[in-house]
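Chemist: Sequence and predicted structure, then a few things I'm wondering about:
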Amino acid sequence: MTYLKQRLAAGECLIGAGMYSNSPDVVEWAARGMDWIWWDCQHTHGNWQDILLGVRTAQTQGIPVLIRTWTHDGGTIERLLDTGAEGIIVPMVNTVAQAQAIVLHCSYPPVGNRSYGSTHVETIEASLDEWNKRIVTVLQLETPEAVANAEAIASLPGVDALHVGMRDLALRMGKAVDDYSAHTAVGDALEHVVQACRKHGKVAAVIVSSDDELVARMQGGYRLICAGFDTNIIEEGWRHMREVAQSLQSSGLLRD
């Protein structure tokens, strides 16, 4: 079996589906064929059973899951990984010390200090060495301090990817942006982080919201890319259909 981590190490560009809805149905029906899934727990309100069912549903589709946690707490990170997820996405990592503390909880000894005890993990892969080879640790850089420390954080063993949280970074730079324009305010940071990743053999990660932005980030060296979130994509599709209907209704072309 080729793990997500191995595919990244081989230089592949992997496109993921972002899940805000906590819906296994969306995973089963709409995410088929995607390279990976971003299962969000930071800004959603699902419970542990939702997370576990989502991971298991993705596994039936052969899609690895990276879970975004809401905390740096090591026990929570370990419990999320105990679902059988292929890795973790950790927000608001600003310093080397924070990064070092996080990665210790992502690998079993002797590499890290992750506690063992999940029967679900054992049914997927009993070898702790194999789990250490497959877990992907993604750290989000979302402040000017984090971007300034990008090279030092990228140099750490156990860090697989750095993700630029563009919206949060832009907000902390005093830029008035939305999800679709944040990239216009943080271009220098995007380039700085990708260069730090290249220097230390790590992967640059990002979320994109349009075809043009996807192309730009791929051409810029980003290789772990979340192609938007289910809720945004559904809303855009429905809004478009509503606008088409409203335009037709106001055109006078409808038959009485």
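Modeler: On my side now, so go ahead.
Chemist: pLDDT on stretch 166-179, on average?
Modeler: Averaged over stretch 166-179, pLDDT sits at 90.
Chemist: so where do the strands sit in this protein?
Modeler: Ranges of strands within the chain are 14-19, 36-40, 65-68, 87-90, 136-141, 161-164, 203-207, 224-229, based on DSSP state E.
Chemist: who does the fifth one pair up with?
Modeler: In other words, strand 136-141. Looking at strand 136-141 with DSSP bridges, its partner strands are strand 87-90 (parallel), strand 161-164 (parallel).
Chemist: rewinding a little: take the strands of the chain and write them to TSV, including distance to Tyr180.
Modeler: Every residue, glycine included, has its C-beta placed from N, CA and C. Shown next, in TSV, are these (distance: least, CB to CB, whole Å):
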stretch	distance to Tyr180
strand 14-19	14
strand 36-40	18
strand 65-68	20
strand 87-90	21
strand 136-141	19
strand 161-164	16
strand 203-207	11
strand 224-229	10
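Chemist: Tabulate the ones you listed (CSV), appending distance to Ala189 and mean neighbour count.
Modeler: Listed next are the strands of the chain as CSV, based on distance: least, CB to CB, whole Å; neighbours: other CB atoms under 10 Å:
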stretch, distance to Ala189, mean neighbour count
strand 14-19, 21, 22
strand 36-40, 20, 25
strand 65-68, 20, 24
strand 87-90, 18, 25
strand 136-141, 8, 25
strand 161-164, 6, 26
strand 203-207, 11, 26
strand 224-229, 17, 23
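Chemist: Between those strands, which one is closest to Ser181.
Modeler: Taking CB to CB, strand 203-207 is the member of those nearest to Ser181, at 13.2 Å.
Chemist: Next one, pLDDT for the nearest residue to Ala146 once chain neighbours are set aside please.
Modeler: Nearest non-adjacent residue to Ala146, counting by CB to CB, 6 or more residues apart in numbering: Asn94, 4.6 Å away. pLDDT, Asn94: 98.
Chemist: For the stretch 1-150 of the chain, which segments are assigned as helices?
Modeler: Along the stretch 1-150 of the chain, counting by DSSP state H, counting those that start in this stretch, helices occupy 4-9, 24-30, 48-60, 74-81, 96-104, 119-124, 128-134, 144-148, 150-154.
Chemist: how about the first one: buried residues?
Modeler: Neighbour counts over helix 4-9 (16 or more other CB atoms under 10 Å) mark 4-5, 7-8 as buried.
Chemist: cool, the longest one as well?
Modeler: The neighbour-count criterion (16+ other CB under 10 Å) identifies 50-59 as the buried residues of helix 48-60.
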